[in-house]
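Peer 1: Take a look and give me a structure for this.
(one chain, ligands or ions: 1)
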Amino acid sequence: MELLDGKLCSEQIRREIKEEVDTIKTSGKRPPHLAAILVGDDGASQNYVSMKVKDCEEVGFGSTLIQFDANVSEEELLNKIAELNADNTIDGFIVQLPLPDHIDDNKVILAIDPKKDVDGFCPENIGKLCLGLPTFVSATPNGIMELLRRYQIKTEGKHCVVLGRSNIVGTPIAILMSRNNDTGNATVTIAHSRTKNLKEICRSADILIVAIGKTKFVTADMVKEGAVVIDVGQTRVPDKSRESGFRNVGDVDFDTVKDKCSFITYVTGGVGPMTRASLLQNTLIANQRR
Ligand code: GUN
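Peer 2: The predicted structure follows:
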């Protein structure tokens, strides 16, 4: 078994981005600038967003963090999005999900200018992804594809099972894996909560991508010998032995599954850091397009 080390790969990507930023600065141009909107006080979201802002500083991007209370009105949030759409000093921005129940996620996503949608969540960008046109590929699927590329994992003709069908991970990764290009050409099955014979389907996967949001859902009996397993899950569970009071647990039961795999990601050092690196890549692209 070999670990797919997202931490290591993301460090390499950040170095590559920093070099590009240095070139931009040397040529007298404005470096990329990312804004992030955070609504409410969910600990995990706060942590993700603060890491995204820290990443920007590390590679030399500008960054702006905009925080709202959980009870912010939809209108106020939409006004802020309109402001960011019109702000020429900002190349791209994200609205961290999930949002409180009284705010319609879709309304928010539709309000973002597709040219600044570095999360790749807008219909225009998802549509371009489906057509294989240049676009902002949403950060988690892009991070997974980059990890497979950097470890030279062959996807052509392989059976890829995607567990989970969310708009931001399951659906776009299934499209990317099936596309006719170097890191696609897989035969893809999307499995979800209503899938029958889930165990058998997972066991037939050469590449199993798990984004179902249920801790330790995938156990060893669901994994084929020699499979590549990508765990997108990251759920905080209470842990009194930690200073933070919690630990992150993936959707894959790593300890029992790891010995059956050829490659596997580890929850905190796998997909998460790659997602953040992809967001930086998209912000750099947004800056270069402007
Ligand atoms: N919530 C979980 N993942 C993401 C992401 O990639 N982008 C945003 N905006 N919210 C998220």
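Peer 1: Tell me how many other residues crowd residue 113.
Peer 2: When counting by other Cβ atoms under 10 Å, one arrives at 15 neighbours for residue 113. C-beta coordinates here come from the backbone N, C-alpha and C atoms, glycine included.
Peer 1: how about the residues of the stretch 51-200 of the chain near the ligand?
Peer 2: Contact residues, the stretch 51-200 of the chain versus the ligand (Cβ under 6 Å from any ligand atom): 94-97, 119, 139-140, 168.
Peer 1: So which of those are in strands?
Peer 2: 94-95 (DSSP state E).
Peer 1: What separation is there between the nearest residue to residue 202 once chain neighbours are set aside and the ligand?
Peer 2: Excluding its sequence neighbours, the residue lying closest to residue 202 (Cβ to Cβ, 6 or more residues apart in numbering) is residue 222, at 4.1 Å. With distances defined as Cβ to the nearest ligand atom, to the nearest Å, the gap from residue 222 to the ligand amounts to 24 Å.
Peer 1: and residue 222, what does it touch?
Peer 2: Residues near residue 222 by Cβ atoms under 8 Å, 6 or more residues apart in numbering: 198-199, 202-203, 208.
Peer 1: repeat that for 7 Å
Peer 2: The neighbourhood of residue 222, defined by Cβ atoms under 7 Å, 6 or more residues apart in numbering, consists of 199, 202-203.
Peer 1: Rebuild these as a markdown table, extending it with pLDDT, neighbour count and secondary structure.
Peer 2: As requested, the contacts of residue 222 are exported to a markdown table (pLDDT from 0 to 100; neighbours: other Cβ atoms under 10 Å; DSSP: H, G, I helix; E, B strand; the rest coil):
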| residue | pLDDT | neighbour count | secondary structure |
| --- | --- | --- | --- |
| 199 | 97 | 13 | helix |
| 202 | 98 | 24 | helix |
| 203 | 98 | 16 | helix |
